[in-house]
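Peer 1: no sequence on this one, just coordinates:
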DNA sequence: ATTTGAATACGAAAACATTCGTAGATACTA
DNA sequence: TAGTATCTACGAATGTTTTCGTATTCAAAT
């Protein structure tokens, strides 16, 4: 069950905001040059695929992610490690940390996290 | 210049093995149910797009990646951080490290790397 | 020389993803 | 009630990626 790029964007919104209407997703994404019915259609397709569930009890249907955020993230990350870093997690991590965008705060978080891994 | 998934697989081989013929790439990928001419065609498309260069001086052409491995990796990683982790590098790193696949050796590498970052 | 095998070129089909127009239903408002 | 706004459903057009069949060229082996 691999989400496409567009599906991923929609999932992000649903994970972030929880149960949402198509209009809410549409407005959150705020993509120039994509119409409302495009997002609607995508979400209907996602329903078909079982990626989301929906509540149709009122006229405006409410959608909710069925795929679990952490699971999908992990899957995509693993795939990236394999396909882009030849299976080396540390190479990915080092490139991520070396990219200038990482704040001191984030580095500290990571150090702390590494400490907790030690304890086992 | 964003490689598609198939293009990425081919680039991996070229980065890994250096200049290679279509047959070498084809055999390395060893994908069931994809024919030789499919790989050939993909590599020709990549040539059009300027992702690879080739030496046609002998009958069997030799291809070489033109895109730089580290640049592409970084680009894909950044994209992933944005689109999957809402811009948080540390969340990506922590998920990567938490995934059980990371050996003690790799963890040590990362710690050493963090130390070098400190020095600035 | 002829055959055989391995290579390229390339159009076109197939598969997949994205986009939107339009029709019809439902609710809200004057 | 009539009109307007907002929603869903969905087919179909478009765009992109992947796949392969076939023609052709070249080189090596018989």
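Peer 2: Received it, and whenever you're ready, just let me know what you need. What you see is a predicted model, and the numbers here were worked out from it, not measured in a lab.

Peer 1: What segments of chain A are helices?
Peer 2: Assignment of helices within chain A using DSSP state H yields the ranges A:5-17, A:22-29, A:36-49, A:69-85, A:89-97, A:104-118.

Peer 1: could you dump the ones you listed to CSV with mean pLDDT and distance to residue B:67?
Peer 2: Where you see a C-beta, it was placed from the backbone N, CA and C, and this is true even at glycine. Converted to CSV, these look like this (pLDDT from 0 to 100; distance: least, Cβ to Cβ, whole Å):
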stretch, mean pLDDT, distance to residue B:67
helix A:5-17, 96, 20
helix A:22-29, 98, 30
helix A:36-49, 98, 30
helix A:69-85, 90, 12
helix A:89-97, 92, 16
helix A:104-118, 89, 28
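
Peer 1: which of the ones you listed sits most buried?
Peer 2: Per-stretch averages of neighbours, counted by mean count of other Cβ atoms under 10 Å in any protein chain shown, single out helix A:89-97 among these, with a mean of 21.

Peer 1: So which residues on chain A come close to chain B?
Peer 2: Remark: the part of chain A in contact with chain B comprises A:5, A:8-9, A:12, A:16, A:70, A:73-74, A:76-78, A:80-81, A:83-86, A:88-90, A:92-99, A:101-102, A:106-107, A:109-111, A:113-114, A:117, using Cβ under 8 Å from any Cβ of the partner chain.

Peer 1: rewinding a little: can I get the helices of chain A in CSV with distance to DNA strand C?
Peer 2: CSV is the format used below for the helices of chain A (distance: least, Cβ to the nearest atom of the strand, whole Å):
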stretch, distance to DNA strand C
helix A:5-17, 4
helix A:22-29, 10
helix A:36-49, 3
helix A:69-85, 14
helix A:89-97, 24
helix A:104-118, 30
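
Peer 1: Pull the contacting residues for residue A:18.
Peer 2: In this structure, residue A:18 makes contact with residue A:64, judged by Cβ atoms under 8 Å, 6 or more residues apart in numbering or on different chains.
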